[in-house]
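# here is my input; please provide its structure:
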Amino acid sequence: MKKLIKIGLLLFGIGILSATGTYLYVFHKPHRNIAKEKPSYIIDAVNFYDEFIHDEEESYLKYGDKVIQVTGEVVEFNLRDNGASLVYLNPLEGVNCSFDSTTVIRYNDKLSDIDVGDRVTVKGKCDGFDFIMGVVLTRCVLIEKQEYLSSIQSVH
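Sure thing, here's the model as predicted:
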């Protein structure tokens, strides 16, 4: 009987250690650092959106949950204290990039300098396609911003 109690206590202890380890691994693992992660793909916003329009399922298999670097002309930009969103192509459907509050706090001066018409490169995690928002990138970071010079380019 004593041997059965010892085995039961040993199994109970192993179960507690396993549960604690699983809890710590699942709920306390560090977040992905998108800023430091190398992009899996570097693509233009128009081509990125077109791929999802032509074959959403295949595109999600290719880009889903990966870090993607996208460049395009900004058609809409909203900066708030708790985050920011940037849209390429068309406000109703296009590539929608969201910045979380910590990114906005850390890079507020660079983000507040973005205007509609600027050519901007961001890097973020691809969450797939949404029928309202288009292709969705989350946890984005700003890579590069260029003043869009369409009026100067059309003169020459």
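# got phi/psi on the nearest residue to Ile143 once chain neighbours are set aside?
Closest residue in space to Ile143, ignoring its immediate chain neighbours: Thr121 at 4.2 Å, by C-beta to C-beta, 6 or more residues apart in numbering. C-beta here means a position set from N, CA and C on the backbone, and glycine is covered the same way. Main-chain dihedrals, Thr121, degrees, to the nearest 10: phi -110, psi 130.
# measure Thr121 to Ile42 for me?
Taking C-beta to C-beta, to the nearest Å as the measure, Thr121 falls 9 Å from Ile42.
# so which of these two has more stuff around it?
Legend: neighbour count by other C-beta atoms under 10 Å for Thr121 and Ile42, higher for Thr121 (16 against 13).
# tell me the contacts of that one?
Thr121 sits next to Gln69, Val70, Thr71, Leu142, Ile143, Glu144, Lys145 when contact means C-beta atoms under 8 Å, 6 or more residues apart in numbering.
# where does the prediction get shaky in the chain?
Within the chain, the stretches with pLDDT under 70 are 147-156.
# need the strands for it, in chain order.
Ranges of strands in the chain, per DSSP state E, are 41-44, 67-80, 83-88, 94-100, 119-130, 134-146.
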